[in-house]
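Chemist: what would the 3D arrangement of this be:
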Amino acid sequence: MKRHAFKLVLSLPLLFASGGCDAGRRVYYASTHQIVRVPTGNMEPTIKPGDSAAVDLGYYSEHPVQRFDLVTFKLARENISPEMLGMDETTVYLKRVVGLGGETLEIKRGSVYIDGRALDEPFTAVPFFENEKFGPVKIPEGEYFLMGDNRPNSLDGRYWARPSLKKQQLLGKVVKIFPQ
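Modeler: I've put the predicted structure just below:
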């Protein structure tokens, strides 16, 4: 058994050095990261239903959480509102960090504002409805406001009973996406 694992590790650099193949990358990530399959379209167009994501579970023990990180997390009981049918404390979810602790976040006229300034999002997001309004909400220090990229179809911080998550609720950072 150990012999096979040793050969696999040695062969991976050769796959990458010669251009590799997607299968080789998937094997590498599967052996070093948690792989999660995304079942819904709440992260489209970034991640489509059926795509997989490699998650580095130890990332945030050594690095700070940054705006626009894709993260996996679990909700706490205090986040779950009665309207959130089917969402629970045991399921792992995936969203994007949009607001950081200490900031005031607001959505108005279909745009996200941080501390009164329109947020320039360097990724493609399905836009809000033109008349969407949320907040303003002050994000507590050490907490994060998360949203899906498919804004009209994402049950995210805008709808949670407590709109932000504590750092302990973040399980890891998405480091690679594998299309279906």
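Chemist: what residues go with each domain of the protein?
Modeler: By the assignment in automatic domain parsing, the chain contains the domains 1-32, 56-172.
Chemist: quick one: closest of these to residue 42.
Modeler: Among the domains of the chain, domain 56-172 comes nearest to residue 42, with 3.8 Å by Cβ to Cβ. Every residue, glycine included, has its C-beta placed from N, CA and C.
Chemist: deepest of the domains of the chain, which one?
Modeler: domain 56-172 (a mean of 16; mean count of other Cβ atoms under 10 Å).
Chemist: distance between the ends of that one?
Modeler: One end of domain 56-172 to the other measures 5 Å (Cα to Cα, to the nearest Å).
Chemist: and it, average pLDDT?
Modeler: Throughout domain 56-172, pLDDT has a mean value of 91.
Chemist: and residue 153, what are its phi and psi?
Modeler: When read as degrees, to the nearest 10, the backbone of residue 153 gives phi -120, psi 30.
Chemist: ok, it touching residue 49?
Modeler: No: between residue 153 and residue 49 there is no contact under Cβ atoms under 8 Å: 10.9 Å.
Chemist: out of the domains of the chain, which comes closest to residue 178?
Modeler: Among those, domain 1-32 comes nearest to residue 178, with 6.1 Å by Cβ to Cβ.
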